[in-house]
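# coordinates only, sequence not included:
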């Protein structure tokens, strides 16, 4: 069976290329040559082409006019707009869940995640279980995307949050070093709680507005990094993609 | 030069496959086999794979687990959600244009399109230049997508409206036969006018709400077809994709 | 029984004073003197004071510093803001009805009004039963104000629409003379229909946005009068209150 | 000069009656008799009537059918709706300020209040200068009401927040005793900051949504009191007005 093998090779190439793009080794604007890539990765050209077309779907490559592929370039304005777009689409997921009514089990599942998130905060302001928070936060956003039951909306949310800097995990702190970031977690968790309360209460415009505002937390952390300490940028996923 | 040739072949295959999918000849759920397609279209396998991965980006095919491609299936609920999503994204384009301020030239260009659209309506209610309306309407929506100056938002609007039934042209009438459809054009044109007035007046939430409501016109025409006369369905682009 | 008599006199004085204010006989800024008014209306001072304090509640008089009353002045900007405020408050009534669920009977009642409104339109564009439309339109807005079941919201809507130029009846056409006005009725009736559909479908942000936009129809008719034909102003209720 | 004297007496009567209503001494539904009140307060009947009609404007009394006045009754549902209404109207003030552009001086003034509010928070979570916070918070909301430059909107905001439980000061904590309340101040202050940032950035729908959500903080504190510790109710302004 050729297909599975080709598929495995394509997946390997996709992972390797993605890593090089996200790390900045293949900066925005780089033209990718199939033959050269196939040689470098030591696989045949067909799975390399496959890998590249999948990375187009992910939003990391563009198809070049006249054929071939080019690494996509992002400005800080693009990062801000991608975060905005995440807010809009998660807001739509939340609004439709409130309008159409969320499934009881799905609602309970996400309420339990919110309760678990509460336990990440200790009695002192600095005591936050950052790792557990990040994990539960990712689960919260995954559940939210599907809460309305619309597959079209769920796909679109997942697609937009596929860009690394538009992910709900993108600008989460991983230590209490920066107080402004740690404080943002308290506000973010309050927003998680209120989004779900609004959905359960059928308050659809409130649910939408809260989910939008929630995405803004990420933007504020980005603004902080840009204004206060650019050395933090290297820790933030996907910012190597961004041209100043 | 191999690349351009391959590219041309891929484009030909893409157009041909798209036609077969939209016509319903390749119904939702159909597994596409590369070898077989290459034979049918009489081109080599590489451009066929390319064509199929481009159709994944268009939203007409899905990648199957374990490799290969499958024609995407849509329910009427999906059509409704895709129209909703268009409203949300065009609404975002309109809102950001109002918030950030639209460029003067771009604003003038779209205002001229609105003025041209006005001229499509004759003194009698039935006198509408449907062909010209359709053309200008497409231009209006194209301009709107870019009016905020955000490339991220523009791309996303274009992507979502790429699905044939989510296009702003999807449910436009092409004759005065159905009165409800013709009347919907008057309301749609009033919405065009108000969307632009709201953007020019920096009324961002109004601009967003109007653009969302505008997309609903398409949904109402769909509802009409489903409820009153399903024989009209065959005239509507992309509805062959939909499984009842 | 003194009270009822005093009350009757106060009501008579209230009606008479209101008439003089709305007609412009007592223009904005006029200081009202209790003794003088009592003489003019040939009633005692206590019911005159009562009448004036009721007109404060209606928004037509202000209490002057140091005691006494003064006729309130309005600019065109105030008229625009009062219409905006009606949209906001009717929007809130619609949103809460969608969020909390409207009572079945109340919903049926307003749906019947919408169906009756449809019958006001004849086959030709100019054939509109203006009188019946005005009557049913007033009933529609009265029902909408109470549809959420919130007495606090209902009161507030009624209060704001008490100002004559902020009433839902304020800028309705009463003949087919001005085509732009007649056409606005078609759009307004479509909005009535969609507001109720959105409430029934629990689409709360849509219901709110539609009710806001509906109030804008009044503003557009006002803009038309100001821009095209100021001679129409004398037919419009409450515009005598407005200082240019 | 009779007028000033009468006015002074009316003001005294208004203050005294208001106190009795807010304390619950004159509970909701109580019919007020002019003669009796005049005797109790030892002033003549005319200023008593004046005082009562002013309290109608404040929303604490209703005019009874057939003449006379009655103390208004409120349920907890009414309190919730009045808080909602405050959010809607402050949201409108914020939205219009963002749409129309706030005056530079007014914007600077409110930004300074936000900066002063920041200083109310000490390094430890419990260290909050509650008194100063309450004072600055009242000033923030007063400035916000007028920020759009619309007198119509400003009046309406002030009117609705005149009901004691709908005031922006209504459910502020005055000590660190209840942790949930103290924490709500951090979130409220973050909302103050973001409302002004949204207005300055012309993000009108965001400004509106944030101001609405801000009013919800009051509601959450009310919910807490009702669910956790009803003994706190006696400290909360205006809750004596409420019938369970």
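Yep, it's here. In this text the structure is predicted, and so the values were computed from the model without any measurement.

# in the helix or strand bottoming out on mean pLDDT in chain A, which residues are buried?
Least confident element among the helices and strands of chain A, by mean pLDDT, DSSP states H and E: helix A:2-22 (a mean of 81). Residues of helix A:2-22 classed as buried: A:6, A:7, A:9, A:10, A:13, A:14, A:17, A:18, A:20, A:21, A:22 (neighbour count, 16 or more other C-beta atoms under 10 Å in any protein chain shown). Glycine gets a C-beta too; all of them are placed from N, C-alpha and C.

# report the contact partners of residue A:57.
B:53, B:56, B:57 (C-beta atoms under 8 Å, 6 or more residues apart in numbering or on different chains).

# distance of the last one from chain C?
Summarising the geometry, the distance separating residue B:57 from chain C, computed by C-beta to the nearest C-beta, to the nearest Å, is 31 Å.

# list the contacts of the closest residue to residue A:67 other than its chain neighbours.
Spatial nearest neighbour of residue A:67, excluding adjacent residues (C-beta to C-beta, 6 or more residues apart in numbering or on different chains): residue B:7 at 3.8 Å. Residue B:7 makes contact with A:66, A:67, B:47, B:50, according to C-beta under 8 Å, 6+ apart.

# what is the neighbour count of the third one?
Residues within reach of residue B:47, counting by other C-beta atoms under 10 Å in any protein chain shown, total 21.

# by how many degrees do whichever strand or helix holds it and helix B:2-23 diverge?
Assigned by DSSP states H and E, residue B:47 falls within helix B:45-58. Put simply, helix B:45-58 runs at 50 degrees to helix B:2-23, going by axes from the mean of the first three to the mean of the last three C-alpha atoms, to 10 degrees.

# after helix B:45-58 comes which helix or strand?
Counting by DSSP H and E, the element after helix B:45-58 in chain order, helix or strand, is strand B:61-63.

# strand partners of that next one, parallel vs antiparallel please.
Strand pairing for strand B:61-63, determined by DSSP bridges: strand B:69-71 (antiparallel).

# for the strand it pairs with, what is the distance to the chain centroid?
Here strand B:69-71 is found 21 Å from its chain centre; the criterion is C-alpha atoms, centre = their mean, to the nearest Å.

# got it, and stretch A:226-240?
Worked out by C-alpha atoms, centre = their mean, stretch A:226-240 lies 16 Å from the chain centre.

# end to end on that stretch, go ahead and measure it.
13 Å (C-alpha to C-alpha, to the nearest Å).

# what's next to it, contact-wise?
Contacts of stretch A:226-240 (C-beta under 8 Å, 6+ apart): A:22-24, A:76, A:79, A:163-165, A:167, A:169-171, A:174, A:178, A:222, A:225.

# change it to 10 Å
Contact with stretch A:226-240 is made by A:21-25, A:27-28, A:60, A:74, A:76, A:79, A:82, A:163-167, A:169-175, A:177-178, A:180-181, A:221-222, A:224-225, A:242, A:244, as judged by C-beta atoms under 10 Å, 6 or more residues apart in numbering or on different chains.

# before we move on, what about stretch A:113-127?
A:128-144, A:175-177, A:179, A:182-183, A:185-186, A:188-189, A:192-197, D:123-125.

# give me the number of residues near residue A:152?
For residue A:152, the count of nearby residues is 22 (other C-beta under 10 Å).

# contacts only, for residue A:157.
For residue A:157, counting by C-beta under 10 Å, 6+ apart, the contacting residues are A:85-86, A:88-93, A:141-142, A:144-146, A:148, A:150, A:168.

# which of these fall within helices?
A:85-86, A:88-93, A:141-142, A:144-146 (DSSP state H).

# make a markdown table out of these and add distance to residue D:237, neighbour count and pLDDT.
Formatted as a markdown table, the ones in helices among the contacts of residue A:157 follow (distance: C-beta to C-beta, whole Å; neighbours: other C-beta atoms under 10 Å in any protein chain shown; pLDDT from 0 to 100):
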| residue | distance to residue D:237 | neighbour count | pLDDT |
| --- | --- | --- | --- |
| A:85 | 43 | 24 | 97 |
| A:86 | 41 | 26 | 97 |
| A:88 | 39 | 25 | 98 |
| A:89 | 42 | 28 | 98 |
| A:90 | 38 | 26 | 98 |
| A:91 | 35 | 28 | 98 |
| A:92 | 39 | 28 | 98 |
| A:93 | 39 | 27 | 98 |
| A:141 | 40 | 24 | 97 |
| A:142 | 44 | 16 | 97 |
| A:144 | 37 | 28 | 98 |
| A:145 | 43 | 24 | 97 |
| A:146 | 44 | 20 | 97 |
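
# and these near chain D, which?
Near chain D, judged by C-beta under 10 Å from any C-beta of the partner chain, the entries from these are residue A:91.

# what's the closest of the ones in helices among the contacts of residue A:157 to chain D?
residue A:91 (10.0 Å; C-beta to the nearest C-beta).

# surely the closest one meets residue A:214?
Yes. At 8.7 Å, residue A:91 and residue A:214 qualify as touching, with contact defined as C-beta atoms under 10 Å.

# for these two, list the residues in contact with both.
With C-beta under 10 Å, 6+ apart, residue A:91 and residue A:214 have common neighbours A:144, A:195.

# phi, psi for the nearest residue to residue A:132 once chain neighbours are set aside please.
Excluding its sequence neighbours, the residue lying closest to residue A:132 (C-beta to C-beta, 6+ apart) is residue A:120, at 5.2 Å. Phi and psi for residue A:120, reported as degrees, to the nearest 10, are phi -70, psi -10.

# residue A:120: how many residues sit nearby?
A total of 19 residues lie near residue A:120 under the criterion other C-beta under 10 Å.

# wait, what's in contact with residue A:109?
Residue A:109 neighbours (C-beta under 10 Å, 6+ apart): A:102, A:103, A:139, A:140, A:143, A:147.

# swap the cut-off to 7 Å and go again
Taking C-beta atoms under 7 Å, 6 or more residues apart in numbering or on different chains as the criterion, residue A:109 is in contact with residue A:143.

# any idea how far it is from chain D?
From residue A:109 over to chain D (counting by C-beta to the nearest C-beta), the distance is 24 Å.

# SS state for that residue?
helix (DSSP: H, G, I helix; E, B strand; the rest coil).

# quick check, nearest of the buried residues of helix A:2-22 to chain C?
residue A:22 (36.5 Å).

# from residue B:99, how far out is that closest one?
31 Å (C-beta to C-beta, to the nearest Å).

# likewise residue A:118?
34 Å.

# the two: who's more crowded?
residue B:99 (25 against 12).

# what residues are up against the nearest residue to the more buried one once chain neighbours are set aside?
Distances taken as C-beta to C-beta, 6+ apart place residue B:204 nearest to residue B:99, at 4.7 Å, with adjacent residues excluded. By C-beta under 7 Å, 6+ apart, the contact set of residue B:204 is B:95, B:98, B:99, D:203, D:204, D:205.

# same list (those) but as CSV, adding secondary structure and pLDDT.
Putting those into CSV (DSSP: H, G, I helix; E, B strand; the rest coil; pLDDT from 0 to 100) gives the following:
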residue, secondary structure, pLDDT
B:95, helix, 98
B:98, helix, 97
B:99, helix, 96
D:203, coil, 96
D:204, helix, 96
D:205, helix, 96
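
# nearest to chain A, of the residues you listed?
Closest approach to chain A among the contacts of residue B:204 (C-beta to the nearest C-beta): residue D:205, at 7.8 Å.

# wait, residue A:188 sits on residue A:218?
No. Using C-beta atoms under 7 Å, residue A:188 is not in contact with residue A:218; the gap is 9.0 Å.

# with neighbour numbers in mind, choose between those two.
Using other C-beta under 10 Å, the more surrounded residue of residue A:188 and residue A:218 is residue A:218, with 25 against 20.
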